[in-house]
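[1] have a look at this fold, sequence not included:
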Ligand code: SF4
């Protein structure tokens, strides 16, 4: 079979979901090939050179190979100016190359002027007219080449982000037309979210043969005729992926130590709304996998993909450091309020923790059932800074319990702790279309498309999206302390590249 990672997703690390499938297929001796059509497709478009119509594009094209070489080298991450220019120039080339296809394309972005990835009719249109996709010249040639001698019985697509959806369907449409007998399978995070909606009905009948929700190893193996027993854990296998070719200063090893979330209590959390169960890999197996994969892949960074790394795993990592620096999402817990524990984490290689704080107002946090205490958060931020672990703090504006006054408290909290916050991510709340809490909120009829995972709603405090945007642009982002933090954020790659900017910074001990 062939497993495909379709464009567009940030091309800085190999796709972890596909590596897990490879691990399972290998374990059972099933032949397979992998195509990272995202990385290859983006590189092929970068090298397709649009006709430059302005100075910026000509300059970007002239410096293309220099930029790519620079981003693969550590020195770029010590010079923010050169890094920013390189990333923005690459984005510019993609934008100009795809303009004739009416697509706003970037290294992490694919937006069609007319077609929406949340409308099944638009995805079907993308499948009917694959030639209109800007990646068509690349994938037509590549897929024909790949299928020329050995035709697979199955081709699987891993669809995780909206920015991949239209190109995934363009590739599916092409394959359906050229190889009508090959079975096509669609899985991945976005597909799981579609299928976990109540009353899911497949709108792609006749185009896709099988849909898979949740971890794909078991269903894929059974499609290949292998019956697996119980919840077998398969070690991911990155051998078929071009781990050294991604846009990063060396191989990054992404690894999931769990699916779902061990906390699983926050209201309006999509994970909870979808009913995804918490399934951790045993701590012993995680440590074994990380040591094995690190030895083999020689990564310069480990990216833990869990929704929240469990305290028990953190503790195990302090005892069995994997070697390279690592980062991931963690909850603000009492463990991080212990300075010695933070120093031990740093010694284990932890260079950055992403913290989903959401709000700087205690009543809002309590109402959202975040289980976060702001006093403890102050201590955690201070400890992590002292230990030399950078923080990437995620804030969410416009949740149902939050109004303008509460949002101003978040601003106060950030200003007060600006010295201890490395990076900030600001987002506006989207109301999940389904879930227990939504039943108590006045939602409006559907606003985007039949596959949209979110719905519009009347904010109980009248804190509408336009007012939130105004607050963020005119007040929050303009505060000098906040502006200074936001300026540090690596463009496009954000938290994926942020660790490279902090990895060499020391501790206070
Ligand atoms: S910690 Fe994150 S993933 Fe877990 S329940 Fe809360 S919002 Fe959801």
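    Ah, there it is. Here the structure is a predicted model, which means the values were calculated and not measured.

[2] which residues of the chain lie near the ligand?
    With Cβ under 6 Å from any ligand atom as the criterion, the chain comes near the ligand at residues 261, 263, 264, 265, 266, 269, 271, 272, 307, 308, 331, 356. Where C-beta positions appear, they are placed from N, C-alpha and C, glycine not excepted.

[3] how about those residues, which pair is most distant?
    Spatial extent of those (Cβ to Cβ) is set by the pair 272 and 331 at 14.3 Å.

[4] the two: which is more packed in?
    residue 331 (23 against 20; other Cβ atoms under 10 Å).

[5] ok, then the element right after the helix or strand of the chain with the lowest mean pLDDT?
    Across the helices and strands of the chain, mean pLDDT, DSSP states H and E gives its lowest value to helix 270-273, namely a mean of 84. Scanning forward in sequence from helix 270-273 by DSSP states H and E, the next helix or strand is strand 279-280.

[6] and that following strand, how far out from the chain middle?
    19 Å (Cα atoms, centre = their mean, to the nearest Å).

[7] again, but for stretch 173-183
    29 Å.

[8] with stretch 416-433 instead?
    16 Å.

[9] also stretch 35-52?
    The answer for stretch 35-52 is 21 Å, by Cα atoms, centre = their mean.

[10] same check on stretch 34-53?
    21 Å.

[11] any idea how far residue 309 lies from the ligand?
    11 Å (Cβ to the nearest ligand atom, to the nearest Å).

[12] same thing with residue 350?
    With Cβ to the nearest ligand atom as the criterion, residue 350 and the ligand are 18 Å apart.

[13] for that residue, phi and psi?
    Backbone torsions of residue 350, given as degrees, to the nearest 10, read phi -70, psi 120.

[14] over to the one 5 residues further on?
    Recorded main-chain torsions at residue 355 are phi -120, psi 120, according to degrees, to the nearest 10.

[15] please work out how many residues are found near it.
    For residue 355, using other Cβ under 10 Å, the count is 22.

[16] OK, contacts around it?
    329, 330, 331, 332, 377, 380, 391, 392, 393, 394 (Cβ atoms under 8 Å, 6 or more residues apart in numbering).

[17] on the pLDDT front, check residue 153 for me.
    pLDDT, residue 153: 88.

[18] so what touches the least confident helix or strand of the chain?
    Here helix 270-273 has contacts from 193, 260-261, 264-266, 307, 432, 434-436, 438, 453, using Cβ under 8 Å, 6+ apart.

[19] would a markdown table of those with neighbour count and secondary structure be doable?
    A markdown table is the format used below for those (neighbours: other Cβ atoms under 10 Å; DSSP: H, G, I helix; E, B strand; the rest coil):
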| residue | neighbour count | secondary structure |
| --- | --- | --- |
| 193 | 20 | helix |
| 260 | 19 | coil |
| 261 | 20 | coil |
| 264 | 15 | coil |
| 265 | 12 | coil |
| 266 | 21 | coil |
| 307 | 20 | coil |
| 432 | 21 | strand |
| 434 | 17 | coil |
| 435 | 17 | coil |
| 436 | 10 | coil |
| 438 | 18 | helix |
| 453 | 20 | coil |
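
[20] make a markdown table from the residues you listed and add pLDDT to it.
    Formatted as a markdown table, these follow (pLDDT from 0 to 100):
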| residue | pLDDT |
| --- | --- |
| 193 | 94 |
| 260 | 92 |
| 261 | 95 |
| 264 | 93 |
| 265 | 94 |
| 266 | 94 |
| 307 | 96 |
| 432 | 87 |
| 434 | 78 |
| 435 | 73 |
| 436 | 72 |
| 438 | 74 |
| 453 | 89 |
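
[21] which one of the residues you listed is nearest residue 221?
    Of the contacts of helix 270-273, the one sitting nearest to residue 221 (Cβ to Cβ) turns out to be residue 260, at 21.1 Å.

[22] where does the stretch 401-509 of the chain have low pLDDT?
    445-447, 506-509 (pLDDT under 70).

[23] what are the boundaries of the helices in the stretch 151-300 of the chain?
    162-178, 189-196, 217-223, 270-273, 283-297 (DSSP state H, counting those that start in this stretch).

[24] what's the burial count for the closest residue to residue 267 other than its chain neighbours?
    The shortest distance from residue 267 to any non-neighbouring residue, by Cβ to Cβ, 6 or more residues apart in numbering, is to residue 437 (4.7 Å). A count of nearby residues for residue 437, using other Cβ under 10 Å, gives 17.

[25] wait, isn't residue 437 in contact with residue 268?
    Yes. Using Cβ atoms under 8 Å, residue 437 is in contact with residue 268, at 5.6 Å.

[26] give me the subset of the contacts of residue 355 that lies in strands.
    329, 330, 391, 392, 393, 394 (DSSP state E).

[27] let's have those in JSON lines, adding pLDDT.
    What follows is the ones in strands among the contacts of residue 355, written out as JSON lines (pLDDT from 0 to 100):
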{"residue": "329", "pLDDT": "98"}
{"residue": "330", "pLDDT": "98"}
{"residue": "391", "pLDDT": "98"}
{"residue": "392", "pLDDT": "98"}
{"residue": "393", "pLDDT": "98"}
{"residue": "394", "pLDDT": "98"}
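
[28] any idea which of those residues is closest to the ligand?
    Nearest to the ligand among the ones in strands among the contacts of residue 355 is residue 329, at 7.5 Å by Cβ to the nearest ligand atom.

[29] how far away is the closest one from residue 293?
    20 Å (Cβ to Cβ, to the nearest Å).

[30] returning to what we had before: who wins on neighbours among the contacts of residue 355?
    residue 380 (28 neighbours).

[31] for the closest residue to it other than its chain neighbours, what are its contacts?
    Take residue 380 and drop its neighbours on the chain: the residue closest to it by Cβ to Cβ, 6+ apart is residue 336, 4.3 Å away. Residues near residue 336 by Cβ under 8 Å, 6+ apart: 330, 342, 353, 380, 383, 384.

[32] which ones among the residues you listed are found in helices?
    Judged by DSSP state H, the subset of the contacts of residue 336 located in helices is 342, 380, 383, 384.

[33] count of neighbours near the first one?
    When you say that, I think you mean residue 342. 25.

[34] surely residue 83 meets residue 73?
    No. With contacts counted by Cβ under 8 Å, residue 83 stays clear of residue 73, the gap being 10.5 Å.

[35] who has more neighbours out of the two?
    residue 83 (22 against 11).

[36] which non-adjacent residue is nearest that one?
    residue 76 (4.9 Å).

[37] for the ligand, what's the nearest residue on the stretch 101-250 of the chain?
    For the stretch 101-250 of the chain, Cβ to the nearest ligand atom, closest residue to the ligand: residue 189, 13.0 Å.

[38] run a quick neighbour tally on that residue.
    By other Cβ under 10 Å, neighbour count at residue 189 equals 16.

[39] okay, now the residue nearest to it when sequence neighbours are not counted: neighbour count?
    Residue nearest to residue 189 in three dimensions, not counting chain neighbours: residue 160, with 4.1 Å by Cβ to Cβ, 6+ apart. Residue 160 has 21 neighbouring residues, counting by other Cβ under 10 Å.

[40] surely residue 160 touches residue 194?
    No. The pair residue 160 / residue 194 is not scored as a contact, 11.8 Å apart, by Cβ under 8 Å.

[41] what do residue 437 and residue 268 both touch?
    residue 400.

[42] quick check: the residue of the chain most remote from its centre vs residue 33, distance?
    The centre of the chain is farthest from one residue, residue 149, which by Cα atoms, centre = their mean lies 34.4 Å away. For residue 149, the distance to residue 33 (Cβ to Cβ) stands at 11 Å.

[43] what does residue 69 give?
    Counting by Cβ to Cβ, the gap from residue 69 to residue 33 is 29 Å.

[44] ditto for residue 423
    The value you get for residue 423 to residue 33, if Cβ to Cβ is used, is 37 Å.

[45] compare those two (neighbour count), which wins?
    residue 423 (21 against 14).
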